[in-house]
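> Let's see this in three dimensions:
(one chain, ligands or ions: 2)
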Amino acid sequence: MAQEPPTRVLPHELPASLREAGLDNWIREPLDGAVDQRRRIIMPPAAAVLGTPARGHQGALLAETRHPDTLFMMGDNPALPTMPERPTLRDFYLLRFDPLPRTHLLQSARVARENGLDEKVIMACLLHDIAIAGLLSANHGYWGAQLVAPYVDEEVAWAIQKHEALRYFADESVGYSYPSAYVDYFGPDYSPPAYIRREAEAARRHRWYMTSRLVTINDIYSFDPNVTADFDDFEDVVGRHFRQPEEGLGFDGSPVAHMWRTMIWPNNFL
Ligand SMILES: [Fe+2]
Ligand SMILES: [Fe+2]
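Ligands and ions are numbered 1, 2, ... in the order given. Below you'll find the model as predicted:
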């Protein structure tokens, strides 16, 4: 008599050593609404695991896929909201960015607007940390500028890129001091590397210096959970300063489309 296939894959016992290494965090048991009822392995990207204990377990994760009911995650991860076919900037804010960085971006843009700043500055504030929100934290100013460069004024992308270096250096003439949060984050003895110093010095002599400096001035470190700001409050600014591609971000064939697709499907194995 033919056996009925099981409707759900039973939770699968990993060797204890792998469980202790946290490897089970990278394995998604089938979720309701999943395309099928197979277990999905998420291979953590090199940028996330280099220098951590998780690095040594990639072979073990690969070996897990030998189980007939186990595959690598590709395409929609049911743990994330599905993105529309032609995603807009708003979709990334609402469906991908975590509440903490999203709120940070919205609060920074809100303060810039309350300070009566130019819309280009408000737009730059709204976008300045999107790489942290959805892609990568290290070099976030550069990743962020690259993500948006095809869709915003050159000055906005420049300001986003340079805020990375400028935020480390006070400019008392415009009321910017070294962020006290950085003393907590990096320690009182932290000194930025030489390339960051050179970038900041060059940015200070650039004609768009103040645009980027204003991003750092309006960069809100308080992360106040009680201050609410909505992406739709900036619909007008976004409409005027962000050229949303008709095919959707990730699908317009631009040189950065793959970066947006990486945020749509961040857990694709390859
Ligand atoms: Fe930043
Ligand atoms: Fe920021």
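> Could you list the contact residues of the chain toward ligand 2?
Proximity of the chain to ligand 2 is confined to Asp129, Asp219 under the rule CB under 5 Å from the ion. In short, each C-beta sits where N, CA and C put it, glycine included.
> Could you list the low-confidence segments of the chain?
Applying pLDDT under 70 to the chain flags residues 1-15, 17-18, 21-22, 30-35, 221-225, 227.
> now the helices for it?
Under the criterion DSSP state H, helices of the chain are mapped to 16-20, 46-49, 58-64, 89-95, 99-114, 119-127, 130-134, 140-148, 154-166, 180-186, 194-204, 209-217, 235-241, 257-264.
> The shortest one: which residues count as buried?
So the one you mean is helix 46-49. Going by neighbour count (16 or more other CB atoms under 10 Å), the buried part of helix 46-49 is Val49.
> Tell me which other helices or strands it touches.
Counting by 3 or more CB pairs under 8 Å, 6 or more residues apart in numbering; DSSP states H and E, no packing neighbours are recorded for helix 46-49 among the helices and strands.
> swap in the longest one?
Taking 3+ CB pairs under 8 Å, 6+ apart as the contact definition, the neighbouring helices and strands of helix 99-114 are helix 119-127, helix 130-134.
> what about the residue of the stretch 151-270 of the chain found nearest ligand 2, neighbour count?
Proximity to ligand 2, evaluated over the stretch 151-270 of the chain using CB to the ion, is greatest for Asp219 at 4.1 Å. Applying the criterion other CB atoms under 10 Å, we find 22 residues in the vicinity of Asp219.
> Now do the same contact list for it.
Ser108, Cys125, His128, His163, Arg167, Pro179 (CB atoms under 8 Å, 6 or more residues apart in numbering).
> mind redoing it with 6 Å?
Residues counted as contacts of Asp219 (CB atoms under 6 Å, 6 or more residues apart in numbering) are Ser108.
> who wins for proximity to Glu154 among the helices and strands packed on helix 99-114?
Closest to Glu154 of the helices and strands packed on helix 99-114 is helix 119-127 (CB to CB; 10.3 Å).
> CA atoms only for stretch 119-137, dumped as CSV, please.
Presented in CSV, the C-alpha positions along stretch 119-137 are these (Å, rounded to 0.1, in the frame of the first residue of the first chain):
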residue,chain,number,x,y,z
GLU,A,119,13.9,69.4,0.1
LYS,A,120,17.1,67.9,-1.2
VAL,A,121,18.4,67.8,2.3
ILE,A,122,15.1,66.2,3.6
MET,A,123,15.4,63.6,0.8
ALA,A,124,19.1,62.9,1.7
CYS,A,125,18.1,62.5,5.4
LEU,A,126,15.3,60.2,4.5
LEU,A,127,17.7,57.9,2.6
HIS,A,128,21.0,58.4,4.4
ASP,A,129,21.0,55.0,6.3
ILE,A,130,19.0,52.8,4.0
ALA,A,131,22.0,50.5,3.6
ILE,A,132,21.9,49.9,7.3
ALA,A,133,18.1,49.3,7.1
GLY,A,134,18.2,46.8,4.3
LEU,A,135,21.7,45.8,3.1
LEU,A,136,24.9,46.3,5.0
SER,A,137,26.2,48.4,7.8
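> I'm done for today, thanks for sticking with me.
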